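Colleague: What would the 3D arrangement of this be:
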Amino acid sequence: MLAEQRYEKILKNLEQNKSVTVAELTKLLNTSESTIRRDLNALDKAGKLVKVFGGAVSAGLEIVSEEPSVEQKEKLCYEEKQSIGRYAASLVKPGDFIYLDAGTTTGAMIGFLEEKGITVVTNAVGHARSLAASGIRVILIGGELKGRTEAVVGSQAVAEIQKYHFTKGFFGTNGASRQGGYSTPDAEEAVVKETAFSRCQKRYVLCDHTKFGHTSLVSFGELEEGILLTDSEADGTLEGCTEIRRITGNWEG
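Modeller: Model prediction:
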């Protein structure tokens, strides 16, 4: 197949689906990954699409590439995060073996956790410290520490998580959209999130309304794979979510 023919098929696919992975295109076009990557590079340079980690998205799709620091994120939607965190904490039951993802919204859960007979595995140093101080058994994943997000990442972290089977997982996200699913700007953090996502019986994604319709650089899960806990009514950008729970400020557990 000529390059121009592949370009046409790639762009037609993006027109329909808004995002596509290298693996999907390799299968669709019956060619090698190296060829697909060259095609995506060429189309990206031509402004026909936006190349992202592991694939591409439509040129008209809004991409969020910056990752604010923990201090910056703590100040954003504070009340909403507290409400979401409080509700999420009420879902924790005696004997649960939980994965708690790094992030300020997941971190908001910790102060509301009344059940102490649980074990929490986390890749967030700050979360581990707060959990231990509150008397909860905590396992901190080992690996490389990202200074900006205070999250542990890398092959060691992934290998450790793969050993576990979690009853519940609570995850943060930088974006939630029909096209990009749940996503984050950092490829290494995405791998850790995706691995933990796959090891949970139940997956809860804690996401305030400012993330709706945004797609960050790397996806770690599809909308239908998790239960979305949020502060606002969902719109068309979240079509495909299996379950959305809206938590208001006056929610009573």
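
Colleague: Please make it C-alpha for all contacts and neighbour counts, starting now.
Modeller: Noted.

Colleague: What's the local residue count around Ala46?
Modeller: Neighbours of Ala46 under the rule other C-alpha atoms under 10 Å: 10.

Colleague: Ok, the one 3 residues further on next?
Modeller: Using other C-alpha under 10 Å as the criterion, Leu49 is surrounded by 24 other residues.

Colleague: How about the one 10 residues further on?
Modeller: Number of residues near Ala59 (other C-alpha under 10 Å) recorded here: 19.

Colleague: Show me the shaky parts of the stretch 101-250 of the chain.
Modeller: 234-236, 249-250 (pLDDT under 70).

Colleague: Try it again at 80.
Modeller: By pLDDT under 80, the low-scoring segments of the stretch 101-250 of the chain are 179, 233-237, 239-240, 248-250.

Colleague: can you give me the helices for it?
Modeller: 104-107, 125-133, 155-161, 187-198 (DSSP state H, counting those that start in this stretch).

Colleague: Contacts made by the last one with the rest, please.
Modeller: In this case it means helix 187-198. 53, 99, 101, 151-154, 157-158, 161-162, 169, 171, 183-184, 203, 217-221 (C-alpha atoms under 8 Å, 6 or more residues apart in numbering).

Colleague: pull the CA atoms of that helix into PDB?
Modeller: C-alpha atoms of helix 187-198 as PDB (Å, rounded to 0.1, in the frame of the first residue of the first chain):
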ATOM      1  CA  ALA A 187       4.000   8.500  30.100                       C
ATOM      2  CA  GLU A 188       5.700   6.800  33.200                       C
ATOM      3  CA  GLU A 189       2.800   7.700  35.500                       C
ATOM      4  CA  ALA A 190       0.300   6.400  32.800                       C
ATOM      5  CA  VAL A 191       2.000   3.000  32.800                       C
ATOM      6  CA  VAL A 192       1.700   2.800  36.600                       C
ATOM      7  CA  LYS A 193      -1.900   3.900  36.600                       C
ATOM      8  CA  GLU A 194      -2.800   1.400  33.800                       C
ATOM      9  CA  THR A 195      -1.100  -1.400  35.600                       C
ATOM     10  CA  ALA A 196      -2.900  -0.700  38.900                       C
ATOM     11  CA  PHE A 197      -6.200  -0.200  37.000                       C
ATOM     12  CA  SER A 198      -5.900  -3.700  35.600                       C
END
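
Colleague: ranking the helices of the stretch 101-250 of the chain by burial, who's on top?
Modeller: helix 104-107 (a mean of 26; mean count of other C-alpha atoms under 10 Å).

Colleague: Which strands or helices does it pack on?
Modeller: helix 70-74, helix 78-90, strand 166-172 (3 or more C-alpha pairs under 8 Å, 6 or more residues apart in numbering; DSSP states H and E).
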